[in-house]
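Chemist: Okay, structure incoming, though there's no sequence with it:
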């Protein structure tokens, strides 16, 4: 959209914050993977060891999610305290 010469704030394009864009991308990938598995299951196709891979991924996601959440909260706490992460 060309907004040169206008002062209308509604005419400007708005971008998603980077965090929201990452979340949307990850959710889209997960939904696509689930959709693929549902279609393959409906066709009667199975992959040997798929349950093991899903369980292994769930464990990694659970541990990685907890560690990531802890790191994000520590980063946010440091940022709100007025000092950057390089000060710690």
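Modeler: Happy to help now that I have it. Since this is a predicted model, take the numbers as computed values, not measurements. Numbering: from 1, shown residues only.

Chemist: Identify each buried residue in the longest helix seen in the chain, please.
Modeler: What stands out as the longest helix in the chain, according to DSSP state H, is helix 50-80. Residues of helix 50-80 include none that count as buried (16 or more other C-beta atoms under 10 Å). From N, CA and C alone the C-beta is placed, and that goes for glycine too.

Chemist: any idea of the mean pLDDT in that helix?
Modeler: Here the mean pLDDT over helix 50-80 is 85, rounded to a whole number.

Chemist: Check the offset of that helix from the chain's centre.
Modeler: 11 Å (C-alpha atoms, centre = their mean, to the nearest Å).

Chemist: What distance do you get for residue 66 to residue 60?
Modeler: Counting by C-beta to C-beta, to the nearest Å, the separation of residue 66 from residue 60 is 11 Å.

Chemist: hey, what's in contact with both of those two?
Modeler: Residues touching both residue 66 and residue 60 (C-beta atoms under 8 Å, 6 or more residues apart in numbering): there are none.

Chemist: can I see the domain layout of the chain?
Modeler: Domain assignment of the chain by automatic domain parsing yields the ranges 1-46, 49-88.

Chemist: Tell me which residues touch the residue most central in space within the chain, please.
Modeler: When the chain is reduced to its mean C-alpha position, the nearest residue by C-alpha atoms, centre = their mean turns out to be residue 23, at 2.8 Å. For residue 23, no residue counts as a contact, taking C-beta under 8 Å, 6+ apart as the criterion.

Chemist: ditto for the one 10 residues further on
Modeler: Residues touching residue 33, when contacts are defined by C-beta under 8 Å, 6+ apart, are absent altogether.

Chemist: For it, identify the helix or strand it belongs to.
Modeler: Remark: residue 33 resides in helix 18-42, with elements defined by DSSP states H and E.

Chemist: ok, back up a step: any idea how far the residue nearest to the centre of the chain is from residue 63?
Modeler: 19 Å.
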